[in-house]
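1. Task: produce atomic coordinates for the following.
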Amino acid sequence: MKFILLTACILGIAFCAPPQMYMEFDIHHAPAQAAQAIPAGVPAGRLEVLLPVDGQKQLVGGPVRGFIKQEIPQPNGQDEEVFYPFGFNVPDPAVAAPAAPVVPVVVAAPVAPAAPVVAAPAAKPSDDDEEEDD
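-> Prediction:
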């Protein structure tokens, strides 16, 4: 059982590993496609670009895609990291066609309220013991 669990974990890691590794570069080395993802008003010292590299740490050819990493200082002295993707061509959700045609909604006419329900007084349970007089 332990062997099966260990094998499943190793296979899961092998199949879930990213096909490319990403390496951090200074924002000055960002490609032109990354310009749209750079947040406005952030100092350049707080930004880095993550680009895909191969096994020899060389940039991967083809379409350029990666991430812009912004470091936001926190009051406790640590930095929070925020990643902005670029070049992945994610479709805009507002442009996507609806899954089903839109059906117009018809407003129903108001219905007259029903007559108020009056609760009948609760019946007293009959005790046979009280009615018997011996």
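
2. got any ranges where this protein has weak pLDDT?
-> Scanning the chain for pLDDT under 70 picks out 18-19, 90-134.

3. For it, which segments count as helices?
-> Remark: helices assigned in the chain by DSSP state H are 2-16, 128-131.

4. and the longest one, what other elements does it pack with?
-> I take that to be helix 2-16. In terms of contacts (3 or more C-beta pairs under 8 Å, 6 or more residues apart in numbering; DSSP states H and E), helix 2-16 is not packed against any helix or strand. Where you see a C-beta, it was placed from the backbone N, CA and C, and this is true even at glycine.

5. sorry, back to before: so which of the helices of the chain is the most packed in?
-> Mean neighbour count (mean count of other C-beta atoms under 10 Å) peaks for helix 2-16 among the helices of the chain, with a mean of 9.

6. which residues sit in contact with residue 33?
-> 64, 65, 86, 87 (C-beta atoms under 8 Å, 6 or more residues apart in numbering).

7. could these be laid out in a markdown table, adding distance to residue 9?
-> Shown next, in a markdown table, are the contacts of residue 33 (distance: C-beta to C-beta, whole Å):
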| residue | distance to residue 9 |
| --- | --- |
| 64 | 34 |
| 65 | 30 |
| 86 | 33 |
| 87 | 32 |
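
8. Report the two of those separated the most.
-> Largest separation among the contacts of residue 33 by C-beta to C-beta: 64 and 86, giving 8.0 Å.

9. Which one of these two is surrounded by more residues?
-> residue 86 (19 against 16; other C-beta atoms under 10 Å).
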